Structures are given as C-alpha cells and as structure tokens.
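# Here is my input; please provide its structure:
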Amino acid sequence: MVSGNYLVLAIAASLDYLIGDPWGWPHPVRGMGWIIYQFVRGIVNDPVAREEAYFTKTRIITHRIRGIVLAIVLVMGSGGLGWIIVQAARFIHPLLGVALESIILASCFAARSLRDAADDVLQPLTQGDLAKARKTLSNYVGRDTENLSSSEILRAVLETVTENATDGVMAPLFYALAGCFIPMVGAAPLALAYKAASTLDSMVGYSDAPYTYIGWFSAKMEDVLTWLPCRLTVLTLALLSGKPGYVLQVCRRDATADPSPNSGWSECAYAAVLGVQVGGINFYRGVAKHKPLLAEAIHPITSERIQQATRLTRNCFLIWLGLAQTALILLAWL
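Numbering: from 1, shown residues only. Now for the predicted structure:
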C-alpha cells in the first residue's frame, strides 16, 4: 500500500505538470457540476426565486435542508465512488489500480490549468491586444472585464492564480497526502471528496439569491476544509520568501479584512512575497464590489510577477510532495 501511494503521487504530479486537463477529456468536476446543476436548476431558473418575498420561513428551511443533503451526498459520494473504482481496479491488477488512481488524482490538481489560464490571458496582453485579453480573461473570472485596463487585467490574473493556488492545488494535495497515511483509503478518494466540496462552493456557495440558503452549508463546509491547507500554504510561502516574519505580519494585518476566511490569506501571502498589492474595486454585472487592499505596492504587478507566483505554487507543491514521499519511504522501511 505504501509503495502504491508513492507511485500514485509521483505519477499524478507528473501528469498534471506535463498534461494538465486537456480540453474535452472526461473530468470528475464536470460530472460533479452536472449533478449540482440538476439538483438546483429548478431554483436557479425560477425568476421568482431571486425576489426577497420568495424566501418565506418555510422555503428558507427547505433550501437549507436541501443544500445540506446535496453537500453531504456529493462529497461523500465522490470520495466513496473514487474508493470503489480504485479498489475494483486493484482487484483486477495492482498496476491497473495504480494507473487509474494516478489519473483520477491528477484530475484533482489544477497547477497546469492555472498556469495555462494565466498564459492565455498574458499572451495577447503582452502583444497589445487588449480586447482579446479582456475576452479571454472573462473565461476565467466572474468580474466584468469589458472595460478593464492592462493593470486591472494583470491584477485580475494574479488574484485568480493566487486564490486558486490553495483550493485548486495545495488543498487537494493536502487531502491526497492525508489519505496516503490512512489505512485502506489512499490518495484519490479524499482528494475527490475535497474537489466535490470546492465545486459546490464555486457553483452554489454565494450569499446572493437564489443561492443564499441552498448554498450556505456548501460555502461553510468548503471554508472549514480549506482552512488548514490554506494556513500551511501561507506558512510554506513565508518560509520560501526568506522573510517569514514580514509575510506573516502582513497577512495578519491585511488578510483578516477579507470576508473569505481563506482566499484573503492566500492572495495576501503571495502578494507579500512578490511585493505587490492586490484588491480594490471590481464590477460584477455592473455593480461595484470593494475588496480590501492586501499587502503593499512595493512593485507593480507584471507578467513576470504572475509567472513568479505560479513558480511559487509549484515549489510549494514539490516541497509538500517531497516531504510526504520521504515519510512514505521511511514507513516502508519500518
């Protein structure tokens, strides 16, 4: 089992780095997204559900219960189904189990996808094609992009890369590593379960109607599951920076102002390491939303700073992976 976990982690990390998530290939998140949409589409497509009068006491309770059921069933079902698939493959042949679990686990990592997304936006921007950069950026962010300047596009890309570094890369790795040290679990099931929680949060974890109550539990659950991996990521970044005291001081000062208990810490840590400032005014469907300013604007945000951020994520990933692999080897010798 230990040697199998060692191989799975190594192969999955290599697959994500070299291939990522090719467009059009089957992906667990697409299946999760389809299930979530089928569960909530009646509410989402009902224009009355966006009106305040819709949310009577009975409907609020009903939505909360439905949201709790959806979250628990999807998270536990994703992890359980992943475990069954891997065990069935191992029963057929151990190498088939390793191969299949590696592919499943690789799909839970988004390091290559984040890097590719940043490059997709930065390429036309560096070529002076502002219109194409805005349009490409709209594929990756929820904010309005039609009137963004070059500096605002760069800030949006950096914020996306640094926020998703935790829930898209480091947190799935954290739960994959945790699964490796739990007997009879393995890397993929817990990573899949976390991925389900993250997908729920991204699809229904909003405070705005019609998701206010049906997505409440999903948002809270994802916050709780991400809390520890986020803090460990911040600590790793602080150590990598060579100035851990400064980075942690800036995070304690600024990150708490962000309404999210995790994304503000993740973005702030990267910004402090890079010596840039993120946050400010964003527009969503024409409505301005103010995000707290995080870190200090020692340097402007540039393409090079964004690429440095993706390298920091890769270094964090490799450090955690290396420590876990070393521990697995030591366990195998005991």
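
# going forward, measure contacts and count neighbours with C-alpha atoms only.
Will do.

# ok but residue 112 is inside a helix, no?
Yes - the assignment for residue 112 is a helix, going by DSSP: H, G, I helix; E, B strand; the rest coil.

# just checking, residue 173 touches residue 109?
Yes - between residue 173 and residue 109 there is a contact at 7.3 Å, judged by Cα atoms under 8 Å.

# Have a look at this structure and report its longest helix.
helix 57-92 (DSSP state H).

# Please identify the buried residues of that one?
Using 16 or more other Cα atoms under 10 Å as the test for burial, helix 57-92 gives 63-64, 66-68, 70-72, 74-80, 82-83, 85-87, 89-90.

# who does residue 280 bridge with?
residue 291 (DSSP bridges).

# mind listing what it touches?
Contacts of residue 280 were listed using Cα atoms under 8 Å, 6 or more residues apart in numbering, and they are 290-293.

# Tabulate those in CSV, adding columns for distance to residue 133 and pLDDT.
Formatted as CSV, the contacts of residue 280 follow (distance: Cα to Cα, whole Å; pLDDT from 0 to 100):
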residue, distance to residue 133, pLDDT
290, 23, 92
291, 23, 92
292, 25, 94
293, 24, 96
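
# Show me which of those is closest to residue 168.
Using Cα to Cα, residue 291 comes nearest to residue 168 of the contacts of residue 280, at 21.2 Å.

# ok, the closest one touching residue 258?
Yes - between residue 291 and residue 258 there is a contact under Cα under 8 Å: 7.0 Å.

# Specify which residue of those two has the higher count of neighbours.
residue 258 (18 against 15; other Cα atoms under 10 Å).

# ok, now how distant is that one from residue 279?
In this view, residue 258 and residue 279 are 9 Å apart by Cα to Cα, to the nearest Å.

# Give me the common contacts of those two.
Common neighbours of residue 258 and residue 279 (Cα under 8 Å, 6+ apart) are 291-292.

# Tell me the first helix or strand C-terminal of the helix or strand in which residue 14 is found.
For residue 14, the host element (DSSP states H and E) is helix 2-18. Toward the C-terminus, helix 2-18 is succeeded by helix 28-44 as the next helix or strand (DSSP H and E).

# contacts for that next one?
The contact list for helix 28-44, computed with Cα under 8 Å, 6+ apart, reads 49, 70, 74, 104, 107, 195-196, 199-200, 203, 210-211.

# which of these sit farthest apart?
49 and 104 (36.6 Å).

# more crowded one of these two?
Between residue 49 and residue 104, counting by other Cα under 10 Å, residue 104 is the more crowded of the two (23 against 17).

# Helices of the stretch 151-300 of the chain, start to end?
With helices called from DSSP state H, counting those that start in this stretch, the stretch 151-300 of the chain shows them at 171-180, 187-204, 216-241, 244-254, 263-274.

# Just list the residues touching the nearest residue to residue 20 once chain neighbours are set aside, thanks.
In this structure, residue 20 finds its nearest non-sequential neighbour in residue 112, 5.0 Å apart by Cα to Cα, 6 or more residues apart in numbering. Counting by Cα under 8 Å, 6+ apart, residue 112 touches 16-21.

# Need the phi and psi values for residue 142.
phi -90, psi -10 (degrees, to the nearest 10).

# To what extent is it buried, counted in neighbours?
Neighbours of residue 142 under the rule other Cα under 10 Å: 12.

# Next up, the contacts around it.
By Cα under 8 Å, 6+ apart, the contact list for residue 142 reads residue 284.

# Check the one 4 residues further on too.
Taking Cα under 8 Å, 6+ apart, we find residue 146 in contact with 131, 134-135.

# Let me have these in TSV, adding neighbour count as columns.
Shown next, in TSV, are the contacts of residue 146 (neighbours: other Cα atoms under 10 Å):
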residue	neighbour count
131	16
134	22
135	14
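
# Keep only those of those residues that are in helices.
Within the contacts of residue 146, residues falling in helices by DSSP H are 131, 134-135.

# How many residues are close by residue 181?
By the other Cα under 10 Å criterion, the neighbourhood of residue 181 contains 18 residues.

# er, residue 279 actually
Neighbour count for residue 279, taken as other Cα under 10 Å: 18.

# How about stretch 44-59, which residues are buried there?
Buried-residue list, stretch 44-59, by 16+ other Cα under 10 Å: 44, 49-50, 55.

# Alpha carbons of the helix holding residue 14, as PDB, please.
Presented in PDB, the C-alpha positions along helix 2-18 are these (Å, rounded to 0.1, in the frame of the first residue of the first chain):
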ATOM      1  CA  VAL A   2       2.800   2.500   0.900                       C
ATOM      2  CA  SER A   3       4.700   1.800  -2.300                       C
ATOM      3  CA  GLY A   4       1.400   2.100  -4.300                       C
ATOM      4  CA  ASN A   5       0.800   5.500  -2.700                       C
ATOM      5  CA  TYR A   6       4.300   6.600  -3.500                       C
ATOM      6  CA  LEU A   7       3.800   5.700  -7.200                       C
ATOM      7  CA  VAL A   8       0.400   7.300  -7.400                       C
ATOM      8  CA  LEU A   9       1.600  10.600  -6.000                       C
ATOM      9  CA  ALA A  10       4.600  10.700  -8.300                       C
ATOM     10  CA  ILE A  11       2.600   9.800 -11.500                       C
ATOM     11  CA  ALA A  12      -0.300  12.100 -10.700                       C
ATOM     12  CA  ALA A  13       2.000  15.100 -10.100                       C
ATOM     13  CA  SER A  14       3.900  14.300 -13.300                       C
ATOM     14  CA  LEU A  15       0.600  14.000 -15.300                       C
ATOM     15  CA  ASP A  16      -0.600  17.300 -14.000                       C
ATOM     16  CA  TYR A  17       2.700  19.100 -14.800                       C
ATOM     17  CA  LEU A  18       3.000  17.700 -18.300                       C
END
